[in-house]
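In: Here is a sequence together with a model predicted from it:
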Amino acid sequence: MALTVALTLAVAVVFSMVSLISVRASLLSQITSQSRADYSNMVRRAQASLDAADVSTTVQIQQLVNDLASTLQSDGSSNLAGIYLWSRDSSSRAIVPISTEPTYERVISDDIRSSVASNLGSNVFYQPIELPVSSNESQESTPGAVLGTMLDFGIVGNLEFYAVYSYALQQESLMQIQVNLLAVCVLLSLVVGVVMWSAIRGIVRPVEHVAAAAKNMASGDLDARVTVNRKDELGVLQQSFNAMAVSLGHTIDELEAAGVSQKRFVSDVSHELRTPITTMRMACDLLEMKKDDFDPAARRTVELLSGQIDRFQDMLADLLEISRYDAGYAALDLVETDIREPLEAAAGQVAGIAQAKHVLIHQYLPNVQVLARIDSRRVIRIVRNLLANAVDFADDKPVDMRVAANRKAVVISVRDYGTGMAPDQLEHVFDRFWRGDSSRSRITGGTGLGLSIAMTDALLHHGTIRVRSRKGEGTWFLVILPRDPDAGAVPDADLPLNFAFDSPDDLRITGGFGVAQSRISGTDETRRDTMMGRPL
């Protein structure tokens, strides 16, 4: 709005200046024409009076000239400031110079007198001048003009006839016009400002109401609505927003209902399957006990059946765990534990899978106790799922597991150097039932729930899991756990290890791992390694 008012004022000022220049030029042309006409009329009258005069003595001549000057002054236009009659000849009959306004006598310059003297005809000479307001030259002046010509006075000779005109009235009129235009500009700017403010407020206020309602909806208030009080495009916006809010509310209600139904279905199915799967497990165990009595084909069938039942049991356990999270029944069993114990247990559970895929798991664990209040069962599951995922996509390259710790937090690092993921895949890595490569033949036979469950277990500890990955260079997970979950989440500034940048494919870190014992899963090899960074 301020810009609009400023532009309006600028346009008004420019228009006023152009108008003022035009009016000034018009007034100057008009007053100049009037002055010339008035002076020409006085020249004719003066010359006629001189031609008709019957005088012979010097006194009579002087009296005639005095009377002529007075008459011309009194009969002249209102702009006439003074009449001046000077004898050009130096004869004995030369008259005394006549000035009806001696103050302005000095404005008759030598240039115009020379022009008049050099032309003895009836030509009229015009010269613009500045008339002083008073005799003090430092005072302001007003515009005016001097007109002059030569009169023929037979017995005396030639008379210089000058008339001084003042344009003070016209200048005052011009100043008044200028003041009026300035007042109009200011008034116009104020009017435009008020009109623009009213118009903009009339547009902005409904939009502000819609924006406020949208903000309330974004905050979770699905009942936010706006009042429809217009019939123009803004009214259409108000109606459309309300219609959208109603539709969105219905959609969210339907999705929530569908989500509740889905969770209930998963929970019910999971619980209903426990009995038959337990029966199948018992029957399969009985078959395995007697499989040596079977022929090779039957023996292989029993082994396959046992493996599939194990996979089914794992999937059922994951589904039951998910249903507990959704129902809000998941709880921690916190015990102060050396963090190395659940990590070694998790590595041991994945060792068979790693050996089958020819992947070495390098464990770099601290050479001192790192005590933390944790739920060991959940931490084992977190690390097991991350290691199993790393082994799956390691492409025969090793997997590293390290630990960094300080007084407030423990950070577990699991990194592979295999396939890696694109940034768009990282956005879904913790989604339920999502797989990075569904076409890959996987020994682990995962359900797509492992990483989702791992994240939930970490969140229950007031921790989190962060991941970075780059195609062809592998994936890096950092499990962040506070040493005391009751103290709440640990700020990033207090972590012993973290990713250096937010970019999803930037594998650089800040912090370090300290001194650790190195062990390779599947062997008895143990060595002492000093890792980059500060000690524990």
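Out: Here it is on my side, so go on. Residues are numbered from 1 along each chain as shown.
In: Going by C-alpha atoms from here, please, whenever you check contacts or count neighbours.
Out: Noted.
In: longest strand anywhere in the chain?
Out: Counting by DSSP state E, the longest strand found in the chain is strand 141-153.
In: After it, heading C-terminal, what element do we hit next?
Out: As assigned by DSSP states H and E, the chain's next helix or strand after strand 141-153 is strand 157-166.
In: Could you report the separation of Ala257 from Arg264?
Out: Separation of Ala257 from Arg264 (C-alpha to C-alpha, to the nearest Å): 10 Å.
In: Look at the two and report which has more neighbours.
Out: Arg264 (15 against 12; other C-alpha atoms under 10 Å).
In: Please, which helix or strand holds the more buried one?
Out: Counting by DSSP H and E, Arg264 is part of helix 233-289.
In: what's the answer for Leu365, then?
Out: strand 361-366.
In: Point out the other helices and strands that that strand packs with.
Out: Identification of packing neighbours for strand 361-366 by 3 or more C-alpha pairs under 8 Å, 6 or more residues apart in numbering; DSSP states H and E yields helix 340-356, strand 399-405, strand 515-520.
In: how big is the angle separating the second one from strand 361-366?
Out: By that I understand strand 399-405. 10 degrees (axes from the mean of the first three to the mean of the last three C-alpha atoms, to 10 degrees).
In: Pull the residues that contact the following helix or strand past strand 399-405.
Out: Counting by DSSP H and E, the element after strand 399-405 in chain order, helix or strand, is strand 409-416. The contact list for strand 409-416, computed with C-alpha atoms under 8 Å, 6 or more residues apart in numbering, reads 372, 386-387, 390-391, 393-394, 397-405, 474-483, 490, 494-497.
In: Of the residues you listed, which belong to strands?
Out: 372, 399-405, 474-482, 497.
In: Which segments of the protein make up each domain?
Out: Domain assignment for the chain, taken from automatic domain parsing, gives 2-176, 233-325, 332-530.
In: Adding distance to Gly220 and mean pLDDT, write those out as a markdown table.
Out: Output for the domains of the chain, formatted as a markdown table (distance: least, C-alpha to C-alpha, whole Å; pLDDT from 0 to 100):
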| stretch | distance to Gly220 | mean pLDDT |
| --- | --- | --- |
| domain 2-176 | 37 | 80 |
| domain 233-325 | 10 | 80 |
| domain 332-530 | 23 | 85 |
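In: Determine which of these approaches Arg201 most closely.
Out: With C-alpha to C-alpha, the closest approach to Arg201 among the domains of the chain belongs to domain 233-325: 12.5 Å.
In: To which secondary structure element is the spatially most central residue of the chain assigned?
Out: Most central in the chain under C-alpha atoms, centre = their mean is Ala211, positioned 16.9 Å from the mean C-alpha point. According to DSSP H and E, Ala211 maps onto helix 168-218.
In: other SSEs contacting that helix?
Out: Short answer (3+ C-alpha pairs under 8 Å, 6+ apart): helix 168-218 packs on helix 2-52, strand 141-153, helix 233-289.
In: Just the residues contacting whichever helix or strand comes after the first one, thanks.
Out: Think helix 2-52. Note on helix 2-52: by DSSP H and E, the next helix or strand toward the C-terminus is helix 58-75. Identification of contacts with helix 58-75 by C-alpha under 8 Å, 6+ apart yields 42, 46, 49, 53, 55, 80, 82-85, 93, 95-96, 98-100.
In: what comes up buried for helix 58-75?
Out: Ile61, Gln62, Leu64, Val65, Asn66, Leu68, Ala69, Ser70, Leu72, Gln73 (16 or more other C-alpha atoms under 10 Å).
In: any idea which of the residues you listed is the one closest to Lys357?
Out: So of these, ranked by how close each gets to Lys357 (C-alpha to C-alpha), first place is Gln73, at 126.0 Å.
In: how close does that closest one sit to Asp221?
Out: Distance from Gln73 to Asp221, by C-alpha to C-alpha: 91 Å.
In: In three-state terms, label the nearest residue to Ala214 once chain neighbours are set aside for me.
Out: Spatial nearest neighbour of Ala214, excluding adjacent residues (C-alpha to C-alpha, 6 or more residues apart in numbering): Ala224 at 7.6 Å. Here Ala224 is recorded as coil under DSSP: H, G, I helix; E, B strand; the rest coil.
In: likewise Pro128?
Out: Applying three-state DSSP: Pro128 is strand.
In: OK, contacts around it?
Out: Pro143, Gly144, Ala145, Val146.
In: So what sits opposite it in the bridge?
Out: Ala145 (DSSP bridges).
In: hang on, isn't Ser87 packed against Arg113?
Out: No. Counting by C-alpha atoms under 8 Å, Ser87 sits too far from Arg113 to count as a contact (11.9 Å).
In: quick revisit: quick check on the contacts of helix 58-75: which are buried?
Out: So, by 16+ other C-alpha under 10 Å, the buried ones in the contacts of helix 58-75 are Met42, Ala46, Leu80, Gly82, Ile83, Tyr84, Leu85, Arg93, Ile95, Ile98, Ser99, Thr100.
In: Would you tell me which one of the helices and strands packed on helix 168-218 is buried the most?
Out: Highest mean neighbour count of the helices and strands packed on helix 168-218: strand 141-153, a mean of 22 (counted as mean count of other C-alpha atoms under 10 Å).
In: what's the angle between it and helix 58-75?
Out: If you take the same axes, to 10 degrees, strand 141-153 sits at 140 degrees to helix 58-75.
In: packing partners for strand 141-153?
Out: helix 2-52, helix 110-118, strand 125-132, strand 157-166, helix 168-218.
In: Report the inter-axis angle for the shortest one versus helix 2-52.
Out: The one in question is strand 125-132. Counting by the same axes, to 10 degrees, strand 125-132 lies at 120 degrees to helix 2-52.
In: Contacts only, for Val226.
Out: His209, Val210, Ala213, Gln238, Phe241, Asn242.
In: Out of the residues you listed, the closest to Arg378 would be?
Out: Ala213 (42.6 Å).
In: and the closest residue to the closest one other than its chain neighbours, how many neighbours?
Out: Nearest in space to Ala213, with sequence neighbours left out and distances taken as C-alpha to C-alpha, 6+ apart, is Ala224 at 5.4 Å. Per other C-alpha under 10 Å, the neighbour tally for Ala224 reads 18.
In: what about Ala224, distance to Val146?
Out: 82 Å.
In: quick one on the thing from earlier: can I get the domains of the chain in JSON lines with distance to Val192?
Out: Shown next, in JSON lines, are these (distance: least, C-alpha to C-alpha, whole Å):
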{"stretch": "domain 2-176", "distance to Val192": "7"}
{"stretch": "domain 233-325", "distance to Val192": "23"}
{"stretch": "domain 332-530", "distance to Val192": "50"}
